[in-house]
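Chemist: When you get a sec, could you give me coordinates for this:
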Amino acid sequence: MYWDWKFSNLVSLLFLGFALFLYFQFHTYPSPSSPLHIDNMAEDASPESIYDFSVKDIRGNDVSLSEYKGKVVLIVNVASKCGLTQSNYKELNVLYEKYKNQGFEILAFPCNQFGGQEPGTNEQIQEATCSMFKAEFPIFIKVEVNGKNAAPLYRFLKSEKGGYFGDAIKWNFTKFLVNKEGKVVERYAPTTSPLNIEKDIRDLLGSS
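Modeler: The predicted structure is shown next:
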């Protein structure tokens, strides 16, 4: 009995050792013949412009930001119940109406991370932005802009242009200005009036 038990354990250990050998041999180390997976990981980790990102619009449709190539873009995290809401939407609408035919675009991303001031569903947000705030520029689905669940686009924006006292978005209506090559050129605080950045927009558009 003793020798049978010892032999059985020995066989089990040999089998386990062989199984571990096969696992580490074929599964742990990437094959030199598979560089595409590594390249794709590198691309995902190192985006070069906003054109490397896809997002979902307020209706849930996929939108590649490469659609905005050649345009000057203002990206804003918005909220419907903030003290800054009325003035920002009003002035954003003015800028959009004035420059949309000159190659200017505004991309609005609702966010509920600041005082719970964007609590509605995407459908409710769409209704509010269209009927209450008369926004005609693109609105996207509600996202997080800080923390571990921050949207990849916002991680990129913050890495390109940090803010005072750290890179985190501080409040609703933080604004990022992007040039015609998809590069982030400026970041503006929530309290910065959209009309106060009109000159920067004109400069990027090449308007006189």
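Chemist: Which strand residues bridge the nearest residue to residue 197 once chain neighbours are set aside?
Modeler: Nearest residue to residue 197, sequence neighbours excluded (Cβ to Cβ, 6 or more residues apart in numbering): residue 188, at 5.8 Å. Backbone N, C-alpha and C define where each C-beta goes, glycine included. Residue 188 has the following beta-bridge partners by DSSP bridges: residue 175.
Chemist: I figured residue 188 was touching residue 175, is that so?
Modeler: Yes. Counting by Cβ atoms under 8 Å, residue 188 touches residue 175, with 4.2 Å between them.
Chemist: about what we covered before: next, count neighbours for the residue nearest to residue 197.
Modeler: Residue 188: 20 surrounding residues under other Cβ atoms under 10 Å.
Chemist: Equivalent analysis for the one 3 residues further on, please.
Modeler: Other residues lying near residue 191 total 13 when counted by other Cβ under 10 Å.
Chemist: which residues touch it?
Modeler: residue 84 (Cβ atoms under 8 Å, 6 or more residues apart in numbering).
Chemist: And the pLDDT for it?
Modeler: For residue 191, the model assigns a pLDDT of 97.
Chemist: and the gap between the closest residue to residue 138 other than its chain neighbours and residue 83?
Modeler: Using Cβ to Cβ, 6+ apart and skipping residues adjacent in sequence, the residue nearest residue 138 is residue 107, 5.6 Å away. Per Cβ to Cβ, to the nearest Å, residue 107 is found 22 Å from residue 83.
Chemist: next one: residue 193
Modeler: With distances taken as Cβ to Cβ, residue 193 is found 14 Å from residue 83.
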